[in-house]
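Novice: need a structure here:
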Amino acid sequence: NEPPSTTVKSVCFQDNKTVSIGGTMDNYYSNPSLQWQQSTDSGLTWTDIPGATSATYSRVFSVADTFLFRLSGGDASTIANPNCRVISNSVKVEVDGLPVGYIFNSNSPLCSGQDLIFNITGGASYFMTGPNGFYDDSPFPHIFNSTLADSGMYYVDIKSLGGCHRKDSTRVIMIGTDVHAYPGDTGICVGRSVQLNASIGKTYQWTPAYGLSNTTIYNPVASPEITTAYTVKVTDKDGCSDTAQLVVRVLNKKVVKAMMDATSNLCRFYDSASFKDISLGTIVHRNWVFGNGNTDTTVTPPVQYYSIPASQQSYNVKLVVTDTAGCADSTF
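Specialist: Sure, this is the predicted structure:
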């Protein structure tokens, strides 16, 4: 199954393949005769192959070696004399043994996020498999932006030109930290704060510094006045780094501050008090609790009356206000 132009044929000794070599000789001799020859010294000397006198020579190759063949021809009356023949070009049969002297390794150990590069030489083709469904049949297998999950055993099937296979493996060790930032994307009201947290490492760097209590600890407090995306870079003891990001959304533009203007003293045993909401912010809802059993939701609620027993020393009046973004505050 080779084209006529093939002069080198590679096979594997394990396959015990039969290779057939064909040749022709122009019409010249009145009684033409053919004789196949073989060289065992890279073509320096040639010997006749007993019985190989047809236009096709077939042979089973089961020993790893390199074989050279050629076709000679002449008149039958003088074919026994090598000097009375014409000679063809030579053809080579390369019978491969198992691949030897090959290399299979990687640039492991390395930090996650770096490119994992494998080094394979010594074969004609390769097929690799590994963790996470990895496979590659190129001579230069690699994994861009590797992760900790790429650690593990990688296997290769090394194939010679003739089809002999040898399997090998190498262990890849990924080092580094898989960083996460908490509490994830979150919302706060202007003037409020939220504590951020990062995965444990050796050093930390939060950016930007805007609104943060500290940029080099794992759990700074964030109090931004506008929506801000924070990134934390965590470096472990091996010098490997990873990053994570979260967004702190500021829900409103004005600070919500609950404030009231109220009567501060009552006279026994019966008195009245007036109240007014003077809170700051874009208030859309308020809830009064007067301590006398009454509630209200208006800016200036009705005058409240109190029957004060001898044992009563004070009344707690509470105002809770909420703005258009749902941010709330309260005061007593």
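
Novice: Just say helix, strand or coil for residue 77.
Specialist: Classification of residue 77 using DSSP: H, G, I helix; E, B strand; the rest coil returns coil.

Novice: give me the number of residues near the nearest residue to residue 268 once chain neighbours are set aside?
Specialist: Leaving out its chain neighbours, the residue that sits closest to residue 268 by Cβ to Cβ, 6 or more residues apart in numbering is residue 308, at 5.0 Å. Just so you know, the C-beta spots here come from the backbone N, C-alpha and C atoms, and that holds for glycine as well. A count of nearby residues for residue 308, using other Cβ atoms under 10 Å, gives 16.

Novice: centroid residue for the chain?
Specialist: By Cα atoms, centre = their mean, the chain has its centre lying nearest to residue 146, at 4.3 Å.

Novice: Report the separation between it and residue 133.
Specialist: Distance, residue 146 to residue 133, by Cβ to Cβ, to the nearest Å: 14 Å.

Novice: before we move on, what about residue 81?
Specialist: Distance, residue 81 to residue 133, by Cβ to Cβ: 67 Å.

Novice: check contacts around the residue nearest to residue 268.
Specialist: By Cβ atoms under 8 Å, 6 or more residues apart in numbering, the contact list for residue 308 reads 266, 268, 269, 270, 271.

Novice: try it again with 10 Å
Specialist: When contacts are counted by Cβ atoms under 10 Å, 6 or more residues apart in numbering, residue 308 touches 266, 267, 268, 269, 270, 271, 292, 314, 315.

Novice: burial of the residue nearest to residue 147 when sequence neighbours are not counted, as a residue count?
Specialist: Nearest residue to residue 147 in three dimensions, chain neighbours excluded: residue 112, at 5.2 Å (Cβ to Cβ, 6+ apart). Neighbour count for residue 112, taken as other Cβ under 10 Å: 21.

Novice: can you pull the contacts of residue 112?
Specialist: For residue 112, the residues meeting the contact criterion (Cβ under 10 Å, 6+ apart) are 145-151, 174-179, 240-242.

Novice: pLDDT score assigned to it?
Specialist: We have a pLDDT of 89 for residue 112.

Novice: For the nearest residue to the residue nearest to the centre of the chain once chain neighbours are set aside, list each beta-bridge partner.
Specialist: Nearest non-adjacent residue to residue 146, counting by Cβ to Cβ, 6+ apart: residue 116, 4.3 Å away. Here residue 116 sits in beta bridges with residue 143, going by DSSP bridges.

Novice: Use 17 as the first number from now on
Specialist: Okay, using 17 as the starting number, the last item reads as residue 132.

Novice: Distance of residue 132 relative to residue 155?
Specialist: Counting by Cβ to Cβ, the separation of residue 132 from residue 155 is 16 Å.

Novice: the more surrounded of these two?
Specialist: Neighbours per residue, other Cβ under 10 Å: of residue 132 and residue 155, the larger number sits with residue 132, 23 against 13.

Novice: which residues touch that one?
Specialist: So residue 132 contacts 122-124, 126, 146, 150, 157-163, 166-167, 170, 188, 190 (Cβ under 10 Å, 6+ apart).

Novice: Show me these that map onto strands.
Specialist: Secondary structure from DSSP state E places 122, 126, 146, 150, 158, 159, 170, 188, 190 of those in strands.

Novice: picking that back up, so residue 97 and residue 149 - more neighbours on which side?
Specialist: Set residue 97 next to residue 149 and count neighbours by other Cβ under 10 Å: residue 97 wins out with 10 against 6.

Novice: That one contacts residue 64, correct?
Specialist: No - using Cβ atoms under 10 Å, residue 97 makes no contact with residue 64, being 11.4 Å away.
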